[in-house]
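A.B. asks: Here is my input; please provide its structure:
(chains A and B)
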Amino acid sequence: MIMVRRAEIPQFGLLSGVKVVHNTVSIAGPFAAELYAEYGADVIWIENAKVPCMSRVATGNAWQQDRRNQRNLSIDISLPKGKEIFLKLMEETDVFISAARGGQYEKMGLGDEVLWERNPRLVTVKISGFGQTGRPDYMNRPSYDPIAQAFGGYMAMNGFPGMPSMPTNPLTADYMSALFAFGTSVAAVMKSRETGRGESIDLAQYEVLMRTQSRYPMDFLEQGIPFVKEGSHSAYFAGYGTYSCQDEKEVYMLYLGAGVLKRGLPFMGIEFGTEKIPPGTNLLYLSSPEGQLLEERIKAFCQSHTAEEVEKAFLAHGVPCSRIMDYNDCLKDPQYVAREVFTEWKKVNGESVKGVNIFPKFKNYPAQIWRGAPNIGMDNEDILTELGLTEEQIKELYGKKILTQRDYLNNI
Amino acid sequence: MKKSEIPKFGNLQGLKVITSGSAIAGPFAGALFAEQGAEVIYLENTAVPDMFRMFGDVWSSEHRNERTMALDIQSPEGREILVKLVQWCDILIESSKGGTWAKWGLTDEFLWGINPKLVITHVSGFGLTGDPDYIKRGSFDPIGQAFSGYMAINGEPEPAPPYAPKPFTGDYVTALNTTWATLAALYRTQQTGVGESVDVAQYECLVRIQGNFLLEGVNSGKQPPRMGNKDLKSALENVQKCQDGNYVMLALGGGAVLRRVEKLWGLDGDPDFQEPHTVIFKEDGPRAEKFVKAAVEFCRTHTAEEVDRIMNENQIPCSIVMTYDKMLDNPQYKARETITEWYDEIGGRRIKGVAPIPRFRNNPSQIFRSGHTYGMDNEDVLSEFGYSENEIKAFYDKGVIKKK
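C.D. replies: Predicted coordinates:
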């Protein structure tokens, strides 16, 4: 087993020197912490001493990617001794990320005030499905990604007209929440460094989704326009959607914007700048005769060309168009290859695994992958020694099952 | 609006930001900063107003708390004004095809020459580097979704076509990456005094959040099938229609949840359910059949509200598939004021929209202003940078700045 002491964590990236602890499962919390880890922060993942994180089982290899560069402490913080160690850890921590139903930490005696007594600079991020405030019956509800998608109004917008709604994959609510949790806590750390006063961030997943629905909530709130599911082609505009090609592959294109129409319509044999389609026209309605004609011509063109030919031809005429890539296409594509979108790193047991590189790209402080996802409790000794515990004390914690260490990698 | 009229609040108080670009992927970052108290100036194109203005009231939400100028940064005078803005700001976020600003002579090096501490974030569809054919491509939300592989894993199973998740998921995810990567850069810059340049490619933002689908796809070479509402492994379709025609989302997994739901549906005594299980798989035979039948029956005989209440009382994850009318009535949405109101400068009326999220306890967000009209702060901003009334008038005459 490879152990990594704090002193050995390489110094790199924008966030080196920032100390982050998370006690979260699945994606939303861990991915927020992961972004810190990829930018060079020291990230400690507290894993339940009794039950391994669900994502080690439920989401294939994703945890190998989304726990890179982290250290792991498998400790039971519900027991008094574990709680005391947790509080000690908080003294040196900049950001603590938790994911639990609203009010859980207060119930455990670990509310913000208790933590701030130990460390007034601490920034806490509380991720939950329904928030830390509001109605107790909701705060107490369990949530997973699709529950947040359903309750946040996101799901009702997705799917095909006349069919049941569907969630956006994979785990979009979790990833979006993680992005919010990461960024807002960086903002709070900067403020806390300036003022010495910490912050507590109440992140309700359903609100994250509500916040990222663009025009649709406001169209409804202001004008009573309900959202209509559009499926794979725009319900309103012509030349805007998914088209099947000769080789049974698909492309997505959009005739959107005056510049696009000006170059793209003549390509389909339709004149631009006429009485029907005056200069400055941004889009053609699907219901108009011109729109219908454009649709027919695009379909005919696509049916007699491969997806690659279609993409090339429309791009050459200024129409935004992309093949709908699957992973095999992505792996071969020159842009993916040129930017090293996929990369390989070593799991902590030494085996190689392929996954996604770190984005975005920074010119001056590039990110690094210096370690694979940790095994359960693999950094217990290092972290506790740093907190001043002796070998004897650590042994005692194992004896009382407050501390765990086990191999999980080889189960995958 | 004058600088002195901007209230002081939030964790980003004192931060100075310039944004430029259209629609959501870049500019939404500015709105998020502004909700946390940063001073944000949005630069709009003088040739044509941002297309996103045509999208209705959402402009009022996604440009809240900002000030704006319609400025031609390619004209010599506009360039001079931009130089002053760059000298002043901490962060510059632009979104355009890769290399556009460099082509205008506004390279990172040029900008750092003016302000060495500047954080520059470039948002583009395909990135600043890589295959030249791609770099110069334009992009919209669904193009990013198609190119990133996101679309191929969304939608109903074959033979239905792939599907672009709504609304503008690719743009919002890109904006979130933009926002937070920029802040990470700023954190370091404040310590070192050396600026940073961030290259945000829309498609990569989407590639990064494909979890186990992608890991399996690129490690095994097998493209995972689209599932729509279904699950690859679980027997039950997660979205179920209820007695009143409304839908619920059920998330029935894990040993404890399954024990509770099986008890609720009277399956706990059934011999087919005795063996420990944490998922009801499609290939589970009679157990799968009985479970699906009980779920469908339960939903068919209860309204969505009843299903939602009963499930949650039993700590079984479930939500009504909310629509906007239901949200306005929902007690949690109301209690947290998830939907809020502000005065809209464009329409001259109160307007409803989403509150700033998440919630900060010590430095809460505020909405002090709606999205702006085209060029509405030209005079205020320029006079703060020392331009006289006459000079400003001359800029209007030359088309360096515009207003509507």
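A.B. asks: gap between the residue nearest the centre of chain A and residue A:123?
C.D. replies: For chain A, residue A:175 is the residue whose C-alpha lies nearest the centre (C-alpha atoms, centre = their mean; 2.2 Å). Look at residue A:175 and residue A:123: by C-beta to C-beta, to the nearest Å, they are 21 Å apart. Bear in mind the C-beta positions are built from the backbone N, C-alpha and C, glycine included.
A.B. asks: Assign residue A:252 to helix, strand or coil.
C.D. replies: At residue A:252 the chain is in strand, as set by DSSP: H, G, I helix; E, B strand; the rest coil.
A.B. asks: got a list of what it touches?
C.D. replies: A:241, A:242, A:243, A:321, A:322, A:324, B:142, B:143, B:145, B:146, B:151, B:164 (C-beta atoms under 8 Å, 6 or more residues apart in numbering or on different chains).
A.B. asks: Test of understanding: give the bridge partners of it.
C.D. replies: residue A:242, residue A:322 (DSSP bridges).
A.B. asks: mind checking how far it is from residue B:295?
C.D. replies: As judged by C-beta to C-beta, residue A:252 and residue B:295 stand 35 Å apart.
A.B. asks: Give me the local confidence score for residue 174.
C.D. replies: Assuming you mean chain A. For residue A:174, the model assigns a pLDDT of 95.
A.B. asks: could you do chain B instead?
C.D. replies: pLDDT recorded at residue B:174 is 96.
A.B. asks: residues contacting residue B:244?
C.D. replies: Residue B:244 touches B:303, B:304, B:305, counting by C-beta under 8 Å, 6+ apart.
A.B. asks: Surely it is within a helix?
C.D. replies: No - per three-state DSSP, residue B:244 lies outside any helix segment and is coil.
A.B. asks: distance of it from residue B:319?
C.D. replies: Taken as C-beta to C-beta, the span from residue B:244 to residue B:319 is 16 Å.
A.B. asks: now residue B:187
C.D. replies: 36 Å.
A.B. asks: Tell me which of these two has more neighbours.
C.D. replies: A direct count of neighbours by other C-beta atoms under 10 Å in any protein chain shown for residue B:187 and residue B:319 places residue B:319 higher, at 29 against 22.
A.B. asks: residue contacts, that one?
C.D. replies: Residue B:319 neighbours (C-beta under 8 Å, 6+ apart): A:143, A:147, A:148, A:150, A:151, B:248, B:249, B:308.
A.B. asks: Now do the same for it: its pLDDT.
C.D. replies: The score at residue B:319 is 90. That number is its pLDDT.
A.B. asks: That one should be in a strand, yeah?
C.D. replies: Yes - counting by three-state DSSP, residue B:319 is part of a strand.
A.B. asks: Show me the residue at the heart of chain B, geometrically.
C.D. replies: residue B:172 (2.5 Å).
A.B. asks: Residue B:26 is in contact with that one, correct?
C.D. replies: No - Residue B:172 is not in contact with residue B:26 according to C-beta atoms under 8 Å; the separation is 11.7 Å.
A.B. asks: residues touching residue B:235, list them.
C.D. replies: Contacts of residue B:235 (C-beta under 8 Å, 6+ apart): B:280, B:281, B:282, B:284, B:288, B:289, B:291, B:292.
A.B. asks: Could I get these in CSV, plus columns for pLDDT?
C.D. replies: Formatted as CSV, these follow (pLDDT from 0 to 100):
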residue, pLDDT
B:280, 92
B:281, 91
B:282, 91
B:284, 93
B:288, 96
B:289, 96
B:291, 97
B:292, 96
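A.B. asks: Using the three-state scheme, assign residue B:178.
C.D. replies: Quick answer, by three-state DSSP: residue B:178 is helix.
A.B. asks: Might one say that it is in contact with residue B:199?
C.D. replies: No - the pair residue B:178 / residue B:199 is not scored as a contact, 10.7 Å apart, by C-beta under 8 Å.
A.B. asks: Which of those two has more residues huddled nearby?
C.D. replies: Just comparing residue B:178 and residue B:199: by other C-beta under 10 Å the higher neighbour count belongs to residue B:178, 31 against 22.
A.B. asks: ok, and the closest non-adjacent residue to residue B:47?
C.D. replies: Leaving aside its sequence neighbours, residue B:47 sits nearest to residue B:72 (C-beta to C-beta, 6 or more residues apart in numbering or on different chains; 7.6 Å).
A.B. asks: neighbours of the one you found, just the number please.
C.D. replies: 21.
A.B. asks: Show the contacting residues for it.
C.D. replies: B:45, B:46, B:47, B:78, B:399, B:400, B:401.
A.B. asks: how close does the fifth one sit to chain A?
C.D. replies: Residue B:399 is 18 Å from chain A, where distance means C-beta to the nearest C-beta, to the nearest Å.
A.B. asks: Remind me which helix or strand residue A:330 belongs to.
C.D. replies: Using DSSP states H and E, residue A:330 sits in helix A:327-332.
A.B. asks: at contact distance from chain B, anything in that helix?
C.D. replies: Yes - using C-beta under 8 Å from any C-beta of the partner chain, we find that helix A:327-332 touches chain B at A:327, A:328, A:329, A:330, A:331.
A.B. asks: To what extent is residue 99 buried, counted in neighbours?
C.D. replies: Picked chain A for this. Residue A:99 has 26 neighbours, counted by other C-beta under 10 Å.
A.B. asks: hm, I was asking about chain B
C.D. replies: Residue B:99 has 17 nearby residues by other C-beta under 10 Å.
A.B. asks: now the one 3 residues further on
C.D. replies: Number of residues near residue B:102 (other C-beta under 10 Å) recorded here: 14.
A.B. asks: ok, back up a step: need the overlap of contacts for residue B:178 and residue B:199.
C.D. replies: Contacts common to residue B:178 and residue B:199, judged by C-beta under 8 Å, 6+ apart, are residue A:360.
A.B. asks: which residues of the stretch 1-150 of chain A fall in strands?
C.D. replies: With strands called from DSSP state E, counting those that start in this stretch, the stretch 1-150 of chain A shows them at A:19-23, A:42-47, A:70-74, A:95-99, A:123-128.
A.B. asks: quick one: contacts for residue 379?
C.D. replies: Because you didn't say which chain, this covers chain A. Counted by C-beta under 8 Å, 6+ apart, residue A:379 has contacts A:3, A:4, A:44, A:71, A:72, A:73.
A.B. asks: should've been chain B
C.D. replies: Shown in contact with residue B:379 (C-beta under 8 Å, 6+ apart): residue B:392.
A.B. asks: Check the secondary structure at it for me.
C.D. replies: helix.
A.B. asks: how far away is it from residue B:387?
C.D. replies: Residue B:379 is 9 Å from residue B:387, where distance means C-beta to C-beta.
A.B. asks: What of residue B:338?
C.D. replies: On the measure of C-beta to C-beta, residue B:338 and residue B:387 end up 42 Å apart.
A.B. asks: Repeat that for residue B:120.
C.D. replies: 25 Å.
A.B. asks: higher neighbour count, the two?
C.D. replies: residue B:120 (25 against 19).
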